[in-house]
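In: Sequence first, then the predicted structure:
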Protein chains: 2
Amino acid sequence: MQEEQKTPSTTPIAQLGEFGLIDHLTKNFPPQDNRIIKGIGDDCAVIETGSDTHYELVTTDILAEGIHFDLAYTPLKHLGYKSVVVNLSDIYAMNGTPKYITVSVAISSKYTVEAMEEFYTGMYLACQNYGVEMIGGDTTSSLKGLFVSITAIGEVEKDKVVYRNGAKLNDLICVSGDLGAAFMGLQLLEREKQIFKEHPGVQPDLENQHYILGRQLKPEARKDIIKLLAEKGVQPTAMMDISDGLSSELTHICRQSICGARVYEEKIPIHSDTYEMAVKMKIDTITAYMNGGEDYELLFTIKQEDFEKVKDLEDISVIGHITDPSLGLRLVSKQGSEVDIAAAGWNSFTETK
Amino acid sequence: MQEEQKTPSTTPIAQLGEFGLIDHLTKNFPPQDNRIIKGIGDDCAVIETGSDTHYELVTTDILAEGIHFDLAYTPLKHLGYKSVVVNLSDIYAMNGTPKYITVSVAISSKYTVEAMEEFYTGMYLACQNYGVEMIGGDTTSSLKGLFVSITAIGEVEKDKVVYRNGAKLNDLICVSGDLGAAFMGLQLLEREKQIFKEHPGVQPDLENQHYILGRQLKPEARKDIIKLLAEKGVQPTAMMDISDGLSSELTHICRQSICGARVYEEKIPIHSDTYEMAVKMKIDTITAYMNGGEDYELLFTIKQEDFEKVKDLEDISVIGHITDPSLGLRLVSKQGSEVDIAAAGWNSFTETK
C-alpha cells in the first residue's frame, strides 16, 4: 500500500513543458496504421476513412479551472462557448470544416444544475454558430474544480489539407485579424480581480473595453478566413491557429517545415484598443502578440505568386517571409534592428494565468 | 466582478444524477445532421462517413482522481491501461472495432515525468493489445488531481451495428464472463487502505486475491466475445457494456427498448473468488453484481432461435428474458421469490468510491 506513486527518478514536468512532455511520451510510438495520414504533432490528426474525396480530422483540447480560466470573471456561458471554439479553430487550421464534438466535463458537485445549463447553453450556441453537432459526452464529479475536454471531428478535401510542415523558402507569412487583444483583455481582468481581492467593496472598472474583453472571454474561430481563401483560390502552404502566441506558433511551423522566418514588427496587426491598453498598463505590445496567445487567429504561409490575391484583403496581413533555416527566426523592429524570436509561448506547467 | 457564479435557482446536481443531468442538458438539441445515425444516448455515437460498408463510432469517457480511482492503490500503469480499456469497451458494445484514441490529461505539476511515463506505458500497452492507435491528445497542469478524458473512434459494419433499443419480447438476456469481481476487488483495496490509514506500520494483506484485484485494477474489454458471436452467426438485438452494474444497464436497455426483463439469480455468473470474498466481507453478492459495476462485461439480448448457438459457450450465460414493459424489471431469487430491480448503478455525483 502506498500513499503516493513511487518512481525511480524525479524529473519535474515543468522542465520539459507541455510540448516537450508530449514529444517525450509519444516518440516511441509512430503510427502503424496506414490510414493515419498524420498522427500526433499537428493541429489535428488526419485519417483516411475510405471516402474518395475527404479526410477526417480529429482534435482534442482540455481546459482546467485555475489554469486556463478563472471563474471569478468568466461567465459559464462564455466558457462553454470558448471551450468549443478553441477546438473548432484547430479544424479550420487544417483548412477543414468541423462537423461533430464530444464533451467531457468534470465538475465539483457544488455546482448547480442551473450553472451547468449556462455552460451547455454556451456550448450549444457555438455549435449553432459554426454548424457543428454535439454527438456524445460524459460528465462526472470532481473533488475540486471544473475540467472540460472536447474532441472535435471534421473533414477536409484531400487536396486541400494544410499541415504545419509545408512552408517553403520565400513563402509569405500571413496572419488573420489582429493579435494581442486576448492577452490585454486578460491583463485587464486580472488587474481588476486583484483590486477586488484587496478592496472587496470596489466595483470593477473594465473601462468599456468591449473589444479586448470579448477577445479573451468569447473568441471566435476563423471559419470566414478559410472560406475567403478558398474563394480567392489561395491554398496555404502551411497553417496553424494562434493559441499560444505568435512566437510559439512560428517556431512550430519553422521546426516542422525546416526553415527560418523573418517577420516585421510594423506589419503585425494590432487593434487600437490593444495598443492603448498596452501603453496604459506599461506592457510591451510585442509581449502581447508574441507570447500572449488565445487570439485564435490563423497563422499561415502562401506562395509569393499568391500575394496579389491577398494584398487587398482587409482581414489578412502579410507579416514576413520564410528564410533559410540557418537564419533562424528573426523579428525586425520598427527601427530596423533585428532580434531572435524565442518560443516563449504559454506553458501551463510553468505559469498560471 | 464575482467570486462565484450567481445563478437564479439552485438545483443540486446530485438530485438529477449523471444520466439525468445529461438528459436534462441535451434534451432540447436532437441531432439535425442526417449523417448522425445515433447521437447522445447509446454507448457510442454512430456516424455515416460516406463509406459503403461501415459506420463510424465515437465515444468519450472522463476519469477523475478521487472519484473513479484512488492513487493510493492504483499503479499509474494500470490506470493508463484501464483508461483506454473502458473506452474500447463502449466500441465493442456497439458490435464494432476500435481504431483510434485521443487522450486529454490534466495533472498536478507535482507529478514527475517518470510517473507520466508509467501512465503512458499502460495506455500504449492497451493500444497494442487491442490494435488501436493514439492519434492525438492534450496535456495540461491541474491545480489538484489527475483527470483523464479519452475519446475512442471505431467502425462497425452497417448491418451489424447493435443499439440499446433493439430488445424484443421473449429475447434472451445474456452476459459475458462473470460479474461482481471488480466490485469485490475494490472493497478489498478499500478495506486495506483503511487499515493502513489507521495503522501505517501494518502491511496490507491482499490475500493473494489476484482475480478480483485484477478485475478492478486492470480490466479487459470483451473483444473476444464480439469475435465469438460473429463466428457463431449470432447478431445481438441489443447490447451495452456493464460499467455501472447490471441493474443500471438493464434499466437502460429496457427503457430504450420499451420492454420489461426477468432475470434469475441462479443464472448470474459469479466467480468463486468473488463469492468467497463477499461471504468473508459480509456483502450480498446481489449488491456486487447489481450495483457494483466496472466489470466491463457485455450485456446483450439475442433471439430465442439463437439459443442453440450460445448455450454451450463457456463465457456466455443466459440470465433471463425480455418481457412486456408492464411487468417491469424483476429478479427471481434462488428461492423463487421475485423482487423489483431498481437502477441503483453507481452515480459519481452522490457516492464516492
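Out: Arrived safely, thanks for sending.
In: and the residue nearest in space to the middle of chain A, what helix or strand is that in?
Out: When Cα atoms, centre = their mean is applied to chain A, the residue found nearest the centroid is A:S243 (2.0 Å). Here A:S243, judged by DSSP states H and E, is contained in no helix and no strand.
In: Tell me the gap between the one helix or strand A:L331 maps to and the middle of its chain.
Out: Element membership for A:L331 (DSSP H and E) is strand A:329-332. Strand A:329-332 sits 21 Å away from the centroid of its parent chain (Cα atoms, centre = their mean, to the nearest Å).
In: that older thread, count of neighbours near the nearest residue to the residue nearest to the centre of chain A once chain neighbours are set aside?
Out: In space, and not counting its chain neighbours, A:S243 is closest to A:G293: 5.5 Å by Cβ to Cβ, 6 or more residues apart in numbering or on different chains. For every residue, glycine as well, the C-beta is placed using N, CA and C. Counted with other Cβ atoms under 10 Å in any protein chain shown, the neighbours of A:G293 add up to 24.
In: right, and A:G293 touches A:D244 too?
Out: Yes. Counting by Cβ atoms under 8 Å, A:G293 does reach A:D244; the two are 4.4 Å apart.
In: before we move on, the earlier item: which secondary structure elements does the strand holding A:L331 sit against?
Out: With contacts defined as 3 or more Cβ pairs under 8 Å, 6 or more residues apart in numbering or on different chains; DSSP states H and E, strand A:329-332 has these neighbours: helix A:246-257, strand A:260-264, strand A:338-340.
In: Tabulate the ones you listed (JSON lines), appending distance to chain B.
Out: JSON lines is the format used below for the helices and strands packed on strand A:329-332 (distance: least, Cβ to the nearest Cβ, whole Å):
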{"stretch": "helix A:246-257", "distance to chain B": "15"}
{"stretch": "strand A:260-264", "distance to chain B": "25"}
{"stretch": "strand A:338-340", "distance to chain B": "27"}
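In: Out of these, which gets nearest to B:I322?
Out: helix A:246-257 (55.0 Å; Cβ to Cβ).
In: Tell me which residues of that closest one come out buried.
Out: By neighbour count with 16 or more other Cβ atoms under 10 Å in any protein chain shown, helix A:246-257 contains the buried residues A:246-254, A:256-257.
In: Can you show me the strands along the stretch 1-150 of chain A?
Out: A:36-38, A:45-48, A:54-64, A:97-107, A:133-141, A:147-157 (DSSP state E, counting those that start in this stretch).
In: could you dump those to a markdown table with mean neighbour count, distance to B:G20 and mean pLDDT?
Out: As requested, these are arranged in a markdown table below (neighbours: other Cβ atoms under 10 Å in any protein chain shown; distance: least, Cβ to Cβ, whole Å; pLDDT from 0 to 100):
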| stretch | mean neighbour count | distance to B:G20 | mean pLDDT |
| --- | --- | --- | --- |
| strand A:36-38 | 19 | 38 | 93 |
| strand A:45-48 | 22 | 34 | 95 |
| strand A:54-64 | 25 | 25 | 96 |
| strand A:97-107 | 26 | 14 | 96 |
| strand A:133-141 | 24 | 10 | 92 |
| strand A:147-157 | 26 | 20 | 97 |
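In: In TSV, list the ones you listed along with distance to A:L206.
Out: Shown next, in TSV, are the strands of the stretch 1-150 of chain A (distance: least, Cβ to Cβ, whole Å):
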stretch	distance to A:L206
strand A:36-38	42
strand A:45-48	39
strand A:54-64	23
strand A:97-107	27
strand A:133-141	31
strand A:147-157	25
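In: Same list (those strands) but as a markdown table, adding distance to chain B.
Out: Listed next are the strands of the stretch 1-150 of chain A as a markdown table, based on distance: least, Cβ to the nearest Cβ, whole Å:
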| stretch | distance to chain B |
| --- | --- |
| strand A:36-38 | 6 |
| strand A:45-48 | 4 |
| strand A:54-64 | 4 |
| strand A:97-107 | 4 |
| strand A:133-141 | 4 |
| strand A:147-157 | 4 |
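In: Next, count neighbours for A:A126.
Out: For A:A126, using other Cβ under 10 Å, the count is 25.
In: likewise A:G80?
Out: So A:G80, with other Cβ under 10 Å, has 26 neighbours.
In: check contacts around it.
Out: For A:G80, the contact set (Cβ atoms under 8 Å, 6 or more residues apart in numbering or on different chains) comprises A:118-126.
In: quick one: which of the residues you listed is most hemmed in?
Out: Neighbour max across the contacts of A:G80 (other Cβ under 10 Å) = A:M123, 28 neighbours.
In: A:V85 is in contact with that one, correct?
Out: No. The pair A:M123 and A:V85 fails to qualify as a contact (Cβ under 8 Å) at a distance of 9.7 Å.
In: Could you dump the helices and strands packed on strand A:329-332 into TSV with mean pLDDT added?
Out: Listed next are the helices and strands packed on strand A:329-332 as TSV, based on pLDDT from 0 to 100:
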stretch	mean pLDDT
helix A:246-257	95
strand A:260-264	97
strand A:338-340	91
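In: and the ones you listed as a markdown table, adding distance to A:E198?
Out: Below are the helices and strands packed on strand A:329-332 laid out as a markdown table (distance: least, Cβ to Cβ, whole Å):
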| stretch | distance to A:E198 |
| --- | --- |
| helix A:246-257 | 33 |
| strand A:260-264 | 39 |
| strand A:338-340 | 37 |
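In: Helices of the stretch 101-250 of chain A, residue ranges please.
Out: A:113-130, A:181-198, A:210-217, A:223-231, A:246-257 (DSSP state H, counting those that start in this stretch).
In: closest one to B:K309 among those?
Out: helix A:113-130 (43.6 Å).
In: so does the helix or strand of chain A with the lowest mean pLDDT get close to chain B?
Out: Least confident helix or strand, chain A: helix A:13-26 with a mean of 74, by mean pLDDT, DSSP states H and E. Yes. Helix A:13-26 reaches chain B (Cβ under 8 Å from any Cβ of the partner chain) through A:13-16, A:18, A:21-22, A:24-26.
In: From those, pick the one nearest A:L146.
Out: A:E18 (19.8 Å).
In: sec struct for A:E266, please.
Out: helix (DSSP: H, G, I helix; E, B strand; the rest coil).
In: Tell me if I'm right that it and A:K334 touch.
Out: Yes. Using Cβ under 8 Å, A:E266 makes contact with A:K334 at a distance of 5.0 Å.
In: for the residue nearest to the centre of chain A, what are its contacts?
Out: Neighbours of A:S243 in contact, by Cβ under 8 Å, 6+ apart: A:86, A:89, A:249, A:293-294, A:296.
In: In terms of model confidence, name the weakest of those residues.
Out: Lowest pLDDT within these is found at A:G293 (89).
In: Find the closest residue to chain B in the stretch 201-350 of chain A.
Out: Taking Cβ to the nearest Cβ, chain B has its nearest neighbour within the stretch 201-350 of chain A at A:P204, 4.1 Å off.
In: how many neighbours does that residue have?
Out: 15.
In: How about the one 10 residues further on?
Out: Here the neighbour count serves as a burial measure; for A:G214 (other Cβ under 10 Å) it reads 15.
In: State the distance from the closest residue to it other than its chain neighbours to B:G50.
Out: Closest residue to A:G214 in three dimensions, ignoring its sequence neighbours and counting by Cβ to Cβ, 6+ apart: A:G185, at 7.4 Å. If you measure A:G185 against B:G50 using Cβ to Cβ, to the nearest Å, the figure is 41 Å.
In: closest to A:L63 out of the helices of the stretch 101-250 of chain A?
Out: Nearest to A:L63, of all the helices of the stretch 101-250 of chain A, is helix A:113-130, at 11.5 Å by Cβ to Cβ.
In: quick one: the closest one to strand A:133-141, angle?
Out: 160 degrees (axes from the mean of the first three to the mean of the last three Cα atoms, to 10 degrees).
In: Let me know the average pLDDT across helix A:113-130.
Out: If you average the pLDDT values across helix A:113-130, you get 94.
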